[in-house]
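S.K.: Turn this into a structure:
(chains A and B)
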Amino acid sequence: MIDLHGYGPRLAEGALVTVELAVLSLILAIVLGLATASAKMSRNWVLHRLGTLYTTLIRGVPDLVLMMLLFFGGQIGINMFTDWLYTQFDVDIFININEFVAGVATIGLIFGAYMGETFRGAFLAVDNGQIEAGRAYGMSHWLVFRRIRFPQMMRHALPGLSNNWMVLLKTTALVSVIGLSDMVRVAAEASKATREPFTFMIIVAAVYLLIASVSEWGFARLQKRYDIGYGEAD
Amino acid sequence: MESLMNWLQAQLADNSIFTLQTLSYYGEGLVTTVQLVFLSLIIGLVLAVPLAIGRGSKHAWIRLPIFFYCYVFRGTPLLVQLYLIYYGVVFVEGIQDTWLWVILEKPFVPALIAFTLNTGAYTTEIFRGAIKSTPKGEIEAARAYGMSRALMLRRIVLPSAFRRALPAYGNEVIFMLHASAIASVVTIMDLTGAARFVYARFYAPFDAFLFVAAIYLCLTFTIIYFFRHLEKRLLAHLKPVSG
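M.R.: You can find the predicted model right below:
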């Protein structure tokens, strides 16, 4: 058996952190992505510009730089805000950014931009007649979105979504750099302490491959579900 | 040059963070980043072409190892690959006694190896997709002319596959530029490394990281512009007839 020098439980905890981080940031990214796609398709030019600015800026800068900016800068920004609150209104609060929350917020913010592009393309692929038909039935905007636009949009969005998820999963490894104890950080510490980098890094790599393979299977099933009514998917 | 320096000095006179000293860190970082990205992309590209051809081979002993290489390097984070190579290279038996150690001791080469293997895997998949989508008729025509497999690859399949791969490859180049920020984790003073240094020295995250973000943004736009220009020239035949 492989000797983990007692790092087994911590490695497992780290794997859990990775999965939690990835899933929570995916949810945030999807919400942000839907909002961005709506903003970019909106007739309101301020919203349109804001959406474009967000996707362009975020996609032009490395994830690690954004993560450091938000993580190191976020704390100072919040401190400045609470200091201002104190001097202005005599309210004394202290907010400490937790690494996990910072990680989820940053990864969610970054992938919200990528999701926005994916969703925008997918929404545009839904036949306009479908939406008009929904309106003709007297459905509200929300009901049209829920019953008609969203299910049909997902069919087109899933390949991009699964792609983004795979990249997001691998991006979570970067949080180890800003001090979150995910599986990569535990493995890096263990490698240095035991001087056996191959053992730990290969285990971590295998776990990533496992998560990626399982989610690939999951996305294939979802695609099948959303392809119902379209015959053989191409 | 002298007057430019004087001008810069005057501009920076009342700025305590962006002095000539820190700007030179950013400048050296820019050079390191560009070197790292450019070298790994070039070597990765050279690696990827034969691998992409081999990926579609009839023989399983050629196809499967390449598939496995792509699967592993595309399925795991670049950071893990970098750690594996950077920390792992020390433990290769007897390597510290050979001449290789002189270059492997510095983090640049392990990072270059990790980046090259990573981009090689992605590029292989991009080219494989492009090769696979070669129209059947073109291959049949080449066969009908009596071309050998090698000649057909050289004259028919690869030239058109390179063009079809261009948009996806442009994305890969940008991805690689952004991924190179990871190099700072193993103490390389690339652009991000310079920003981290300035941040740690002055405790000024906004100045340090926003400035470097702006540099990356400029680099990204340059790459996008370059590939758009290339696509316009090389993919002119795919443009819709009526603009």
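
S.K.: quick one: low-confidence ranges for chain B?
M.R.: Segments of chain B classed as low confidence (criterion: pLDDT under 70) are B:11-14, B:93-95, B:241-243.

S.K.: scratch that, chain A
M.R.: A:1-2, A:231-234.

S.K.: how about the residues of it near chain B?
M.R.: Contacts of chain A with chain B, taken as Cβ under 8 Å from any Cβ of the partner chain, map to A:57, A:59-66, A:68-69, A:72-73, A:76, A:166, A:170-174, A:176-177, A:184, A:187-188, A:191-192, A:195-198, A:201-202, A:204-205, A:208-209, A:212-213. (C-beta placed from N, C-alpha, C; glycine too.)

S.K.: Any of the residues you listed buried? List them.
M.R.: Neighbour-count burial (16 or more other Cβ atoms under 10 Å in any protein chain shown) applied to the residues of chain A next to chain B gives A:59-66, A:68-69, A:72-73, A:166, A:170-174, A:176-177, A:184, A:187-188, A:191, A:196-197, A:201-202, A:204-205, A:208, A:212.

S.K.: Is B:Gly146 in a helix, a strand, or coil?
M.R.: Recorded secondary structure, B:Gly146: coil (DSSP: H, G, I helix; E, B strand; the rest coil).

S.K.: which helix is the longest one in chain A?
M.R.: Longest helix in chain A by number of residues (criterion: DSSP state H): helix A:8-41.

S.K.: just how off-centre is that one within its chain?
M.R.: Averaging C-alpha positions (Cα atoms, centre = their mean, to the nearest Å) puts helix A:8-41 4 Å from its chain's average.

S.K.: Now that helix: buried residues?
M.R.: The neighbour-count check on helix A:8-41 (16+ other Cβ under 10 Å) flags A:10-11, A:14-15, A:17-19, A:21-22, A:24-26, A:28-30, A:32-40 as buried.

S.K.: And for stretch B:157-177?
M.R.: Here stretch B:157-177 shows B:157-158, B:160-161, B:163-166, B:169-170, B:172-177 as buried, counting by 16+ other Cβ under 10 Å.

S.K.: rewinding a little: in strands only, show me the residues of chain A next to chain B.
M.R.: Counting by DSSP state E, no part of the residues of chain A next to chain B is found in strands.

S.K.: Give me the residues contacting stretch B:72-81.
M.R.: For stretch B:72-81, the external contacting residues (Cβ atoms under 8 Å, 6 or more residues apart in numbering or on different chains) are A:166, A:170-174, A:176-177, A:184, A:187, A:201, A:204-205, A:208-209, A:212-213, B:114-115, B:117-118, B:120-122, B:125, B:179, B:182, B:185.

S.K.: quick one: the helices in the chain?
M.R.: The chain I'm using is chain A. For chain A, applying DSSP H gives helices covering A:8-41, A:45-60, A:63-89, A:99-125, A:128-136, A:141-144, A:150-171, A:183-194, A:197-226.

S.K.: sorry, should have said chain B
M.R.: Assigned by DSSP H, chain B shows helices spanning B:2-11, B:20-55, B:60-75, B:78-88, B:100-104, B:108-132, B:136-144, B:149-152, B:158-179, B:191-202, B:205-234.

S.K.: Does the last one reach chain A?
M.R.: Yes. For helix B:205-234, a contact with chain A is found by Cβ under 8 Å from any Cβ, at B:205-206, B:209-210, B:212-213, B:216-217, B:220-221.

S.K.: Now, of these, which are buried?
M.R.: B:205, B:209, B:212-213, B:216, B:220.

S.K.: State the pair within these that is farthest apart.
M.R.: The two members of these with the most space between them (Cβ to Cβ) are B:Pro205 and B:Thr220, at 21.3 Å.

S.K.: for chain A, what are the nearby residues on chain B?
M.R.: Residues of chain B lying near chain A (Cβ under 8 Å from any Cβ): B:71-72, B:75-81, B:83-84, B:87-88, B:91, B:177-182, B:184-185, B:192, B:195-196, B:199, B:205-206, B:209-210, B:212-213, B:216-217, B:220-221.

S.K.: Correct me if wrong: A:Arg147 contacts A:Tyr137.
M.R.: No. Using Cβ atoms under 8 Å, A:Arg147 is not in contact with A:Tyr137; the gap is 9.6 Å.

S.K.: which residue sits closest to residue 191, ignoring its sequence neighbours?
M.R.: Just so you know, I chose chain A. Nearest in space to A:Ser191, with sequence neighbours left out and distances taken as Cβ to Cβ, 6 or more residues apart in numbering or on different chains, is A:Pro197 at 3.9 Å.

S.K.: my question was about chain B
M.R.: Using Cβ to Cβ, 6+ apart and skipping the chain neighbours, the partner closest in space to B:Leu191 is B:Gly29 (4.2 Å).

S.K.: quick one: the one you found and B:Val198 touch, right?
M.R.: No. B:Gly29 is not in contact with B:Val198 according to Cβ under 8 Å; the separation is 9.8 Å.

S.K.: Now do the same contact list for the nearest residue to A:Ala29 once chain neighbours are set aside.
M.R.: Distances taken as Cβ to Cβ, 6+ apart place A:Phe111 nearest to A:Ala29, at 3.7 Å, with adjacent residues excluded. Neighbour list for A:Phe111: A:25-26, A:29, A:32-33, A:164, A:167-168, A:171 [criterion: Cβ under 8 Å, 6+ apart].

S.K.: now A:Phe111: how far from chain B?
M.R.: 13 Å (Cβ to the nearest Cβ, to the nearest Å).

S.K.: go on, A:Arg43?
M.R.: 25 Å.

S.K.: okay, the helices of chain A in JSON lines with distance to B:Leu153 next?
M.R.: JSON lines is the format used below for the helices of chain A (distance: least, Cβ to Cβ, whole Å):
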{"stretch": "helix A:8-41", "distance to B:Leu153": "40"}
{"stretch": "helix A:45-60", "distance to B:Leu153": "35"}
{"stretch": "helix A:63-89", "distance to B:Leu153": "37"}
{"stretch": "helix A:99-125", "distance to B:Leu153": "34"}
{"stretch": "helix A:128-136", "distance to B:Leu153": "45"}
{"stretch": "helix A:141-144", "distance to B:Leu153": "51"}
{"stretch": "helix A:150-171", "distance to B:Leu153": "29"}
{"stretch": "helix A:183-194", "distance to B:Leu153": "40"}
{"stretch": "helix A:197-226", "distance to B:Leu153": "31"}
